[in-house]
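Asker: Got a predicted structure plus its sequence, pasted below:
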Amino acid sequence: MRMSHLLAPTLREVPAEAEIISHQLLMRAGFIRRVSPGVYTYLPLMWRVLKKVEEIVRQEMDRAGAQELMMPILLPADLWMASGRWFVYGKEMFRLKNRHDRDELLGPTHEELITDIAKNEIRSYRQLPINLYQIQNKFRDEIRPRFGLLRGREFIMKDSYSFHSDEKSLEETYEVMCRAYTRIFERCGLSTRMVDSDVGAIGGSSAHEFMVVVETDAGENALLYCDSCQYAANVERAESRIEIVPGAFEEQEPLEKIPTPNMKTIDDLSAFLKVLPNRIVKTLIYQAEGFGEKMEEKKFVAVLIRGDVPVNEVKLKNTLACYELRLATDEEISALGTISGFVGPIGLKLRVLADESVREMKNFVLGPNEKDQHLVHANWGRDYEPKEWVDVRQSQVGEQCSRCGGELKQARGIEVGNTFKLGTKYSSKMGATFTDVDGTEKPFVMGCYGIGVSRTAQAAVEACHDKNGIVWPVPIAPYHLVVVPVNVGDPVQKEAAESLYRQAQEAGIEVILDDRDERPGVKFKDADLIGFPLRITVGKTITEGNVELKERQGGEVILVPLNEAIEKAKSMLGIR
Ligand code: ATP
Ligand code: MG
């Protein structure tokens, strides 16, 4: 391809809407253009990158034994009603009505349809396991589309779904898929961390996310990982050991109620009573909403947690198996017969969950459900006995790994893929069964596995760039090589450049000839911005029969004879 005809409109200015570097670079280098929030045109360079990512994904999925198919994007609502998700998916789903006034939707994901296909087409255990995938545009009306392709409303996803006769078979495929995922991202030039992730209130048994660790705002997920062992988890899910608080081995002292006028927060109370927050038990009241089929149902619950420890609302949601959760308002707390800032479990007519962080506490401060008062030297057993012990604590950086005792470190990551063991969540709801070896009908055991193809392509830019532009990993670079004649008006340079261009094409190198009548500085800048892995410059040295070869990464210029340049380029690019 000749640069003079390539549609890669580079920009000098950074577009205001682009907050993070990878988004800015893809705009500036002429890879993408925004159509509406979260919706982009992939210009020719981007489309080449995306096709390469797709091809890597495809090869690894095929190698993992999965079969490619293609389901429609336009889906009937009734399948989603059968699974229950029509009602719970919320505003992220693009819903529409057809001319017959029937509800339809644009697929945000395809568990429902694939389960229906399995239900209709797979009869016997003999056909299992089976793993099906597609690479397709997905639609989600994200509340905050941002960061270019990282969080779009229309984006490209690879989604696969596996069907099994039992958990053991799912386990095997799950492992194969996780290994394939690691390889896919490696082949795209990305190193990823596989982290334990949240399965959601109605999720399956286990899930992982594949994260590209970044230092910037682009990393929307916070993760904790252990330096000493392999443990890594999304903070939503992370577990850790909590240190035993001071006072854990004290003798019980007599319970007292003392005045604490207006001391409603942990900080105020701690200063006023001259005790550390880790000697105070916080009682928080939450309103939980939506349980299973009962979308409208609301319940209040109280959570006991140590004063210096935050609640992890994702863990709490999972514990309660509810869809929505929020702290109760002061008015709601009053209506429950207590008072905000002075709430405690004794005599409270609510379900009370006690976080493990308070289990070993002795002689602690507790709310008495009376205004301007607190209990001091409260103790479990004697004064109150929690019935339900739970882990709803947000783990923090610096705490100990629950597996090996190592120190937990914090990082931010871009989630490029995830894997779920769904179990029979969809198959049992939708009546998707097979005949097992003993002749009985059983629901399929399922797994599902996603990769954000467009997100992965941009994550590579977030991970691989420098001050001059993108540094594409060779396997997903839009082109491998740019040939730049310094002066297109010079017939010798022009002829040499044309010849290199022809030779490169014949050698299977994907090449651009920058035939534009531009100053060399402009051409070099564009080449760096676009991020071609290799550049051959044909300049004055051509009179001695030499050209300059330069890798985008590393940046050292080497002189090579014209007739050896393409062989050298091939070996530098790893093309055989
Ligand atoms: P997130 O937590 O980032 O919203 P998700 O859990 O909703 O992701 P899945 O539904 O599991 O994601 O989708 C599978 C993959 O699709 C994700 O791992 C991610 O790489 C990609 N993906 C999800 N939402 C988007 C989006 N809005 N834009 C681009 N890629 C996305
Ligand atoms: Mg999402």
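Answerer: All right, it came through fine. Ligands and ions are numbered 1, 2, ... in the order given.
Asker: Contacts only, for the closest residue to ligand 1 within the stretch 301-450 of the chain.
Answerer: In the stretch 301-450 of the chain, the residue that lies nearest ligand 1 is Gly450 (2.8 Å; Cβ to the nearest ligand atom). C-beta coordinates here come from the backbone N, C-alpha and C atoms, glycine included. Counting by Cβ atoms under 8 Å, 6 or more residues apart in numbering, Gly450 makes contact with 109, 157-160, 417-419.
Asker: how about 6 Å then?
Answerer: Shown in contact with Gly450 (Cβ atoms under 6 Å, 6 or more residues apart in numbering): 157, 159, 418.
Asker: partners of it in the sheet?
Answerer: Following DSSP bridges, Gly450 is listed with bridge partners Asp159, Asn418.
Asker: Give me the pLDDT value at it.
Answerer: As predicted, Gly450 sits at a pLDDT of 98.
Asker: Going forward, the N-terminal residue is numbered 8.
Answerer: Yes, from this point I'll number from 8; that puts the last item at Gly457.
Asker: Ligand 1 contacts on the chain?
Answerer: The chain comes close to ligand 1 at residues 116, 147, 149, 158-159, 162, 164, 422-425, 457, 459, 461-462, as judged by Cβ under 6 Å from any ligand atom.
Asker: would you list every one of the helices in the chain?
Answerer: 28-35, 51-70, 84-90, 92-95, 118-128, 174-194, 273-280, 320-327, 337-342, 432-436, 460-470, 498-513, 527-537, 572-580 (DSSP state H).
Asker: Kindly compare burial across these and name the winner.
Answerer: Here the criterion is mean neighbour count by mean count of other Cβ atoms under 10 Å, and of the helices of the chain the winner is helix 460-470, at a mean of 26.
Asker: So what touches it?
Answerer: 29, 32, 56-57, 60-61, 155-157, 162-163, 165, 195-197, 219, 221, 225, 421, 423, 477.
Asker: can you name the two of the residues of the chain next to ligand 1 that are farthest apart?
Answerer: Farthest apart among these by Cβ to Cβ are Glu149 and Gly424. That separation is 17.8 Å.
Asker: if you count what's nearby, which of these two comes out ahead?
Answerer: Between Glu149 and Gly424, counting by other Cβ atoms under 10 Å, Gly424 is the more crowded of the two (28 against 16).
Asker: The more buried one and Glu216 touch, don't they?
Answerer: No: using Cβ atoms under 6 Å, Gly424 makes no contact with Glu216, being 7.3 Å away.
Asker: what's the domain layout of the chain?
Answerer: What automatic domain parsing lists as the domains of the chain is 10-245+417-469, 263-397, 486-580.
Asker: Mind checking those domains for the one nearest to Gly254?
Answerer: Using Cβ to Cβ, these put domain 263-397 closest to Gly254, at 5.2 Å.
Asker: Next, the distance between the ends of the closest one.
Answerer: Distance between the boundary residues of domain 263-397 (Cα to Cα, to the nearest Å) amounts to 28 Å.
Asker: Run the chain-centre distance for it.
Answerer: With Cα atoms, centre = their mean, to the nearest Å as the basis, domain 263-397 stands 32 Å off its chain's centre.
Asker: Kindly report the same for stretch 410-419.
Answerer: 19 Å.
Asker: Ok, stretch 216-226 next?
Answerer: 8 Å.
Asker: hmm, who's touching it?
Answerer: With Cβ under 6 Å, 6+ apart as the criterion, stretch 216-226 contacts 27, 154, 188, 197, 199-202, 204, 418-425, 466, 469-470.
Asker: The domains of the chain into TSV, with extra columns for distance to Glu406?
Answerer: Listed next are the domains of the chain as TSV, based on distance: least, Cβ to Cβ, whole Å:
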stretch	distance to Glu406
domain 10-245+417-469	8
domain 263-397	10
domain 486-580	38
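Asker: just so I know, which of the ones you listed lies nearest Ile251?
Answerer: domain 263-397 (5.7 Å).
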